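**Student:** mind looking at a prediction? Sequence and model below.
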Amino acid sequence: MLNLKGAWQCAPTKRWWLYGLTLGLVLVFAFTTLAQPEGKVPVAYGSGGAVASVDADASRIGIEVLRQGGNAVDAAVATAAALGVTDPFSAGIGGGGFMVIYRHDLDRVITLDGRETAPMAVTPDLFRDPDNLAGESLPFFPNRISSGLAVGVPGTPLNWQTALSRYGTLSLAEALAPAIELAEAGFTVDDTFAQQVTRNQLRFAAFTSTQQLYLPNGAPPAVGTLFKNPDMANTYRLLANQGVNSFYRGEIAQAIVDTVQSPPTVEQPSFKVYPGAISLADLDRYQVRVRPPVVSDYRGYRLYGMGLPSSGGITVAQTLDLLASSDLGSLERAQALHQIIEAERLAFCDRNAYLGDPDYVDVPVMGLLNPNYLASRPLPTQAAAPCTTPGNPLPYQTDPSPSLTQAPAAVAANGQEGLSTTHLVTADQWGNVVSYTLTIESTGGSGMVVPGYGFILNNELTDFNTTVPHPNVPESGKRPRSSMSPTIAFAPDGRVLAFGSPGGATIITTVIGIATNLIDFRLPLSEAISAPRFSQRNGSTTTVEQAWVEQAGNNDLNNLSQLGHQFRMTEEIGAVTGLEQWPNGVIQVAAEPIRRGGGAAMVVNPRVE
Ligand code: GLU
């Protein structure tokens, strides 16, 4: 340790060096403190429970619920409801999500599938352009993503109700109360919020309701101003007073149907807005599914991930299994990175070809996760071209249900690195843990605020593949394949970990990155999260953050280039929150220090060092 007392007595030249160091430290401290938006601290230690989310108000609300005796599920719902107010372009009751819950008393992990569902009227040519004689699909931006066609029946309200009634202690009304207050009293607009509106200005300006709420006076709300959403408060109040059925069967259902079938466009929108076909019957029949998790083992850790219709758990498990035979931690860095990139490529090749809603397609999950099958897919020694032949897991498919008889053709990589969606984690004093990813798909979803109700409808149906045949084509009542990967893991030393991220298909590679950072490279949780990221999704290039290039350094980059790897730069990948809880109740909880404007990690009883 630096002994400052002694150091002050050193020679003048040394003293200048020390003045510099001290000043530097002060500046670094000031910078990191000031650079964090108010109340946002990315790492916290302590006990009694914890919450991490992208937003300080939301995390604070979750902590308050825990402080008042709520459990991790209660805190997760209350935090998510608050995010619906402060992070409305990523999450809210107009969307869906997946919640992974660890019940400590039962020592069981449960997953809740609150994924959006296609209306009954949907057919595989959902996005076909009616004006295109060649039968091509509507352009992705802005027509497909800002249409009624893209809106799936939201799952989030029923997911909250299901989580609370089965595993929580609060009523929906109690869990929503702090968010109602937040929507009514308002919150301070930060850079991220203002930027998200600015980036969506063209789409938001096409809808009267969205324009009114998010483009007051024709411009995004200014940073630092107070933003209130009284309609949102009233909608939450309706849910609180009349129950979740007001959303699926009551007046909110009617408002959703009206919005989707007759989008509230301005007189002359700058692009054509296509209506969709959600009906009252679609809302009425929506169900949350309680599903078994995908369980996998990696170097003594047991991971629980989200199963279908998310591709997350399966693809994470496959990738880690493909890596299991090499000791990444002791390999030369470039060699370890090469292996991860190639394992991701192979897993994505299978994902793109096989995975879809299990109620509609016969996905050979057991075969895909069978260790002998994965052992039959060796990693190449050089960078591979995009994989064109998925593996054939069918001989390894040992379940008795009827199965595919032939491996499907490979499908070109799809899925951008979106910046939408949000992930939160919670833990309570009883050892329960929640890992919850929720979304409205694009940042800003469909762009349509339900008039008078203050929330944005999702555009989740753009997660379907449009080229038939494919297990993930749009079908009546089907759930689009997701990449969301909320994860809970158990370490050999008894720690319980939870983590996840937004980011479209990069969610999967981000979660793999967190797992390898923690398990192979032995980084502390906060560093595992802040470390630069890369993502390979069976493309010809691997997407990397600028910081990753800097960290990799010339040597590693040269070595990787010599192996044939090519890179493409992107601004940022993902926005992780995570926690680890020791058997003695001590918790470390962490969020991003910088990405997405930084996140907020909090504990009930901060540990005094
Ligand atoms: N809709 C995406 C999914 O379910 C999440 C959106 C995103 O993070 O970009 O995988």
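**Tutor:** Received the coordinates, thanks. Numbering: from 1, shown residues only.
**Student:** let's see the pLDDT reported for the closest residue to W582 other than its chain neighbours.
**Tutor:** In this structure, W582 finds its nearest non-sequential neighbour in R495, 5.6 Å apart by Cβ to Cβ, 6 or more residues apart in numbering. Where you see a C-beta, it was placed from the backbone N, CA and C, and this is true even at glycine. Per-residue confidence (pLDDT) for R495: 98.
**Student:** ok, now which ones touch R495?
**Tutor:** E580, Q581, W582, P583 (Cβ atoms under 8 Å, 6 or more residues apart in numbering).
**Student:** ranking the residues you listed by neighbours, who comes first?
**Tutor:** Q581 (26 neighbours; other Cβ atoms under 10 Å).
**Student:** pretty sure that residue is touching G431, no?
**Tutor:** Yes. Contact criterion Cβ atoms under 8 Å: Q581 and G431 qualify, at 6.8 Å.
**Student:** shared neighbours of those two, anything?
**Tutor:** Common neighbours of Q581 and G431 (Cβ under 8 Å, 6+ apart) are V496.
**Student:** which bits of the stretch 301-450 of the chain sit near the ligand?
**Tutor:** Within the stretch 301-450 of the chain, the residues that sit near the ligand (Cβ under 6 Å from any ligand atom) are G418, S420, T421, T439, E441.
**Student:** could you do the chain as well?
**Tutor:** 418, 420-421, 439, 441, 460, 463, 482-484, 502-504, 507.
**Student:** got the contact list for the closest residue to A491 other than its chain neighbours?
**Tutor:** Closest residue to A491 apart from its sequence neighbours, by Cβ to Cβ, 6+ apart: Y301 at 5.6 Å. Counting by Cβ under 8 Å, 6+ apart, Y301 touches A489, F490, A491, P492, A515, I519.
**Student:** of these, which is the most crowded?
**Tutor:** Most crowded among the contacts of Y301, counting by other Cβ under 10 Å, is A489 at 26 neighbours.
**Student:** next SSE downstream of whichever strand or helix holds it?
**Tutor:** Using DSSP states H and E, A489 maps to strand 487-490. The helix or strand immediately downstream of strand 487-490 is strand 496-500, counting by DSSP H and E.
**Student:** can you name the element that comes right after that next one?
**Tutor:** Downstream of strand 496-500 (by DSSP H and E), the next one is helix 506-519.
**Student:** tell me which other helices or strands that next one touches.
**Tutor:** strand 301-305, helix 312-323, helix 333-354, strand 487-490, strand 496-500, helix 525-530, strand 534-535 (3 or more Cβ pairs under 8 Å, 6 or more residues apart in numbering; DSSP states H and E).
**Student:** between it and helix 333-354, how big is the angle?
**Tutor:** Interaxial angle of helix 506-519 relative to helix 333-354 (axes from the mean of the first three to the mean of the last three Cα atoms, to 10 degrees): 140 degrees.
**Student:** any stretches of the protein with poor pLDDT?
**Tutor:** Applying pLDDT under 70 to the chain flags residues 1-38, 399-406, 410-419, 608-609.
**Student:** for A81, which non-adjacent residue is spatially closest?
**Tutor:** A179 (3.8 Å).
**Student:** ok so, going back, Throw the helices and strands packed on helix 506-519 into TSV and include distance to P130, thanks.
**Tutor:** Below are the helices and strands packed on helix 506-519 laid out as TSV (distance: least, Cβ to Cβ, whole Å):
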stretch	distance to P130
strand 301-305	39
helix 312-323	34
helix 333-354	28
strand 487-490	41
strand 496-500	38
helix 525-530	45
strand 534-535	35
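**Student:** nearest to Q212, out of those?
**Tutor:** Closest of the helices and strands packed on helix 506-519 to Q212 is strand 496-500, at 33.3 Å (criterion: Cβ to Cβ).
**Student:** centre of the chain to the closest one, how far?
**Tutor:** Centre-to-centre, strand 496-500 and its host chain are 13 Å apart (Cα atoms, centre = their mean, to the nearest Å).
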